[in-house]
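Asker: Quick one: sequence and predicted model below, then my questions.
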Amino acid sequence: MPGRLHHVSLTCASLTASLAFYRQFGFAIEQQYQDEACSIVLLHNQNTRIELFVFSDDVTPQDHETLIYLKAIGIRHLAIEVSNLTTMHDLLSPTTTVTSIKQARLGSFNYFFCYDPDGNQIEVLETNKR
């Protein structure tokens, strides 16, 4: 029985900040839930979903590692495809750390890395048109 990735879940310090960040990529709220312990918001954009958790008790973002540190075992980053990489780079530059735009070693896309409001590494990419 084949499977597919349904969503990625992120625990956030601020729902407001995370919603504002991911809305820049076209994500919209699909579902919401809230009780005394947490708030959950499921975002969608085309066939991609991101689930944001915010807990009532304090959650502290982890210390930032160097961007593009890929050698650690485990999930290292989310990749979000956009239609205009330069425009997104310019949009994000004033609000978060961004790397320069580079061509992927695989050659089929260009990319840069940035942080979301909670320090998660986000790869922003545009596929090369052929």
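Answerer: Cool, the structure landed. From a predicted model like this one, the values you see are computed outputs, not experimental measurements.
Asker: ok, residue 19 - contacts?
Answerer: By CB atoms under 8 Å, 6 or more residues apart in numbering, the contact list for residue 19 reads 29, 41, 43, 52. (Glycine included, C-beta is placed from N, CA and C.)
Asker: Tell me where the protein has helices.
Answerer: Counting by DSSP state H, residue ranges of the helices within the chain are 15-23, 85-92.
Asker: Would you format those helices as JSON lines with distance to residue 127 included?
Answerer: Listed next are the helices of the chain as JSON lines, based on distance: least, CB to CB, whole Å:
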{"stretch": "helix 15-23", "distance to residue 127": "20"}
{"stretch": "helix 85-92", "distance to residue 127": "10"}
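Asker: can I get these in JSON lines with distance to residue 48 and mean pLDDT?
Answerer: As requested, those are arranged in JSON lines below (distance: least, CB to CB, whole Å; pLDDT from 0 to 100):
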{"stretch": "helix 15-23", "distance to residue 48": "10", "mean pLDDT": "96"}
{"stretch": "helix 85-92", "distance to residue 48": "15", "mean pLDDT": "97"}
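Asker: Can you give me the domain assignment for the chain?
Answerer: Structural domains annotated on the chain: 8-55, 78-127, as defined by automatic domain parsing.
Asker: Can you say which of those is nearest to residue 1?
Answerer: Proximity to residue 1, assessed across the domains of the chain by CB to CB, is greatest for domain 8-55 (19.2 Å).
Asker: Skip the chain neighbours and tell me the closest residue to residue 82.
Answerer: Of all residues beyond its chain neighbours, the one nearest residue 82 is residue 88 (4.7 Å), with distances taken as CB to CB, 6 or more residues apart in numbering.
Asker: check contacts around the one you found.
Answerer: Residue 88 is in contact with 24, 25, 82, 124, counting by CB under 8 Å, 6+ apart.
Asker: now swap in residue 91 and tell me
Answerer: When the contact criterion is CB under 8 Å, 6+ apart, the partners of residue 91 are residue 24.
Asker: And for residue 6?
Answerer: Remark: with contacts taken as CB under 8 Å, 6+ apart, residue 6 is in contact with residue 49.
Asker: just to revisit the earlier point, same list, the contacts of residue 88, but as a markdown table with distance to residue 99, pLDDT and neighbour count please.
Answerer: Formatted as a markdown table, these follow (distance: CB to CB, whole Å; pLDDT from 0 to 100; neighbours: other CB atoms under 10 Å):
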| residue | distance to residue 99 | pLDDT | neighbour count |
| --- | --- | --- | --- |
| 24 | 17 | 96 | 14 |
| 25 | 17 | 96 | 18 |
| 82 | 15 | 95 | 18 |
| 124 | 10 | 94 | 24 |
